[in-house]
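Undergrad: prediction below, plus the sequence it came from.
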Amino acid sequence: MLSAFISSLRTADLRRKILFTLGIVILYRAGATLPSPGVNYPNVQKCIEQVQGGDSAQIYSLINLFSGGALLQLSVFAVGVMPYITASIIVQLLTVVIPRFEQLRKEGQSGQAKMTQYTRYLAVALALLQGTSIVALAANGGLLQGCSLDIIQDSSIFSLAVIVLVLTAGASLVMWMGELVTERGIGNGMSLLIFAGIAARIPAEGQLILESRGGVVFALVAFAALMIIIAVVFVEQGQRRIPVQYAKRMVGRKMYGGTSTYLPLKVNQAGVIPVIFASSLIYVPQLVTQLIRSGSPDTSWWDRFVANYLTNPASPVYIALYFGLIVFFTYFYVSITFNPDERADEMKKFGGFIPGIRPGRPTADYLRYVLSRITLPGSIYLGVVAVLPNLFLEMGNSGSVQNLPFGGTAVLIMVGVGLDTVKQIESQLMQRNYEGFLK
C-alpha cells in the first residue's frame, strides 16, 4: 500500500487529484469549526463540556459523528452530509416503488444524471427541515439538555431564520464539495468527508480516555481497536466467488467467449447502510418525544418507555432492538440492491452460465440461495460491530458511546472508505502502467 502511495505521488496527474482531495477536506474541516452567525460560541463550548455523554449527545450521535462534532457546536457545516446520504438512500429505495425511477436507472448515464438532480433537490429540502429542527431544539434548550447557558444570542424569528439558512447553505456547500471530489479527486467525495469528520475526533477521544482512565486502559483500548480493525478488514474483503463460464460464439470471422470468470458476492454486501438505517430509526422516537414535549415533564407511559429504554444505549432492550434492526435492514437492502433475476438474464444474454446450473430461472434461484446464505453472517457481523460500544458501556457502566471511536459505525465507515480509496489509487496506477502497451 505504501509503495502504491509513493508511486501515485510521483505521477503528476494522480498527485494533482490527491492534493485537490486534501484541499477540499481541509476546507471542510475549517467550515466545521466556523461558528454560525447568532450563536454564542463560548457558551456552546461550556455546554458541551457540561453535558458530555448525556442524552442530548446520544440522540444526535449519528449526525454528530458524520459531521465530526460540528453539530453540537452549531457551526456552518453542522448539518453536514447527512441530508445528502438520506436523500440518496430514499431515491435508491424509490426505484423499487416508482416505475419512473426504475426506468431512469436503466437509461444509463443520462438517467443517472436525472436521478442525481432529484437527489440534490431532496437533499436541500431535508437540510432545511433538519436545520429547522436543530435550531428549534437549540432555542428551547433541547439540543444540549442540562445546560442553562444561552446558546443562541437572539431568539427572534429573523435571527433563527438566518441560522437555518446558514445551516442549509452549509449542507448544500458540503454536497457540492463532495461531488467535486468524486469528479476531480480520488475516491467517493461524500464518503471521504465522513471519513475526515470521524478521523478528526479520534485524537481528542483518545486523549479523553488517557486522562480519565490512565495509560493501562488506553493501551488496552488501542490494542482492542487494532484487533477490531483487523477483523473488520478481513470480513470486508471476504467474498463468495461463483464461477461463470462463457460459451464460444462467432461474430463475423472472429470467435469470442470461451473464457472463465467469477461473480463475486461479498459477505457484507450491504456495506454500512443498514447501520445508518437502524441508527436513524432508533433515535426517531426520542427526537419526536423531545419536539412534542418541549421541556415538560414525562407523563405518559410512552415517555417513560423512551426515557428508560431508548435513551440508554447500555440497556439490554436498546441493544437487542438495535441489533434486530440492523439484521432486518441488511436483508432488506441486499434484496433491493442485488436482483438475482437481472443477473441471471444478463449472464444468459451474453452466453454465460454457472457450471452445473442451467441458465435462466435455475441460475436466479441458485444466486438467491447463495445470497441468502452469506447475508446471514454478514448481518450478524454488522450487528456485532455496531453494538460493541454499547456492550462496553453495559460492562463498564460509565462513559459514553462517543468515547469509543473504534467501534460501531465509525470503524465500519473508516475501514470501508480507506479500502475503497486505496483500491482506486491502485487501479489508476495500473491504468497508467499499461498506457505504454496500449499506445
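TA: Now that the structure is in, tell me what you want to look at.

Undergrad: would you mark the buried spots in the top helix by length along the chain?
TA: Using DSSP state H to define each element, the chain has its longest helix at helix 361-396. For helix 361-396, burial by neighbour count (16 or more other Cβ atoms under 10 Å) applies to 363-364, 366-368, 370-371, 374-375, 378-379, 381-383, 385-390, 392-394. The C-beta positions use only the backbone N, C-alpha and C, and glycine is treated the same way.

Undergrad: quick check: next helix or strand after it?
TA: For helix 361-396, the following helix or strand on the C-terminal side (DSSP states H and E) is helix 409-433.

Undergrad: for that next one, the distance to its chain's centre please.
TA: Distance of helix 409-433 from the chain centroid (Cα atoms, centre = their mean, to the nearest Å) equals 16 Å.

Undergrad: residue ranges with poor pLDDT in the stretch 251-400 of the chain?
TA: Along the stretch 251-400 of the chain, the parts satisfying pLDDT under 70 run over 251-258, 287-288, 290-301, 307, 311, 392-400.

Undergrad: quick one, strands of it?
TA: For the stretch 251-400 of the chain, applying DSSP state E, counting those that start in this stretch gives strands covering 254-256, 260-266, 352-353.

Undergrad: and the shortest one, what does it pack against?
TA: Using 3 or more Cβ pairs under 8 Å, 6 or more residues apart in numbering; DSSP states H and E, the elements in contact with strand 352-353 are strand 239-246.

Undergrad: kindly recompute the last result at 10 Å.
TA: Other elements packing on strand 352-353 under the criterion 3 or more Cβ pairs under 10 Å, 6 or more residues apart in numbering; DSSP states H and E are strand 239-246, strand 260-266, helix 340-349, helix 361-396.

Undergrad: quick one: strands adjacent to it?
TA: Take DSSP bridges as the rule and strand 352-353 pairs in its sheet with strand 239-246 (antiparallel).

Undergrad: for the strand it pairs with, buried residues please.
TA: Neighbour counts over strand 239-246 (16+ other Cβ under 10 Å) mark 242, 244-246 as buried.

Undergrad: how far away from the center of its chain is the longest helix of the chain?
TA: That offset, for helix 361-396, works out to 17 Å (Cα atoms, centre = their mean).

Undergrad: now tabulate the strands of the stretch 251-400 of the chain in TSV and tack on distance to Q130 and mean neighbour count.
TA: As requested, the strands of the stretch 251-400 of the chain are exported to TSV (distance: least, Cβ to Cβ, whole Å; neighbours: other Cβ atoms under 10 Å):
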stretch	distance to Q130	mean neighbour count
strand 254-256	52	10
strand 260-266	31	14
strand 352-353	45	20
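
Undergrad: of all the ones you listed, which lies closest to N140?
TA: Evaluated with Cβ to Cβ, those place strand 260-266 nearest to N140, the distance being 45.1 Å.

Undergrad: each with direction, which strands does the closest one pair with?
TA: strand 239-246 (antiparallel).

Undergrad: quick one: mean pLDDT for the partner strand?
TA: Strand 239-246 shows a mean pLDDT of 86.

Undergrad: ok and it relative to helix 361-396, angle-wise?
TA: Angle, strand 239-246 to helix 361-396, by axes from the mean of the first three to the mean of the last three Cα atoms, to 10 degrees: 170 degrees.

Undergrad: could you export strand 239-246 as PDB, CA atoms only?
TA: The C-alpha coordinates for strand 239-246 follow below in PDB (Å, rounded to 0.1, in the frame of the first residue of the first chain):
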ATOM      1  CA  GLN A 239     -16.400 -12.800  -0.700                       C
ATOM      2  CA  ARG A 240     -18.000 -15.800  -2.300                       C
ATOM      3  CA  ARG A 241     -16.800 -16.300  -5.800                       C
ATOM      4  CA  ILE A 242     -19.300 -18.100  -8.000                       C
ATOM      5  CA  PRO A 243     -17.600 -19.500 -11.200                       C
ATOM      6  CA  VAL A 244     -19.100 -18.300 -14.500                       C
ATOM      7  CA  GLN A 245     -18.200 -19.600 -18.000                       C
ATOM      8  CA  TYR A 246     -19.000 -18.000 -21.300                       C
END
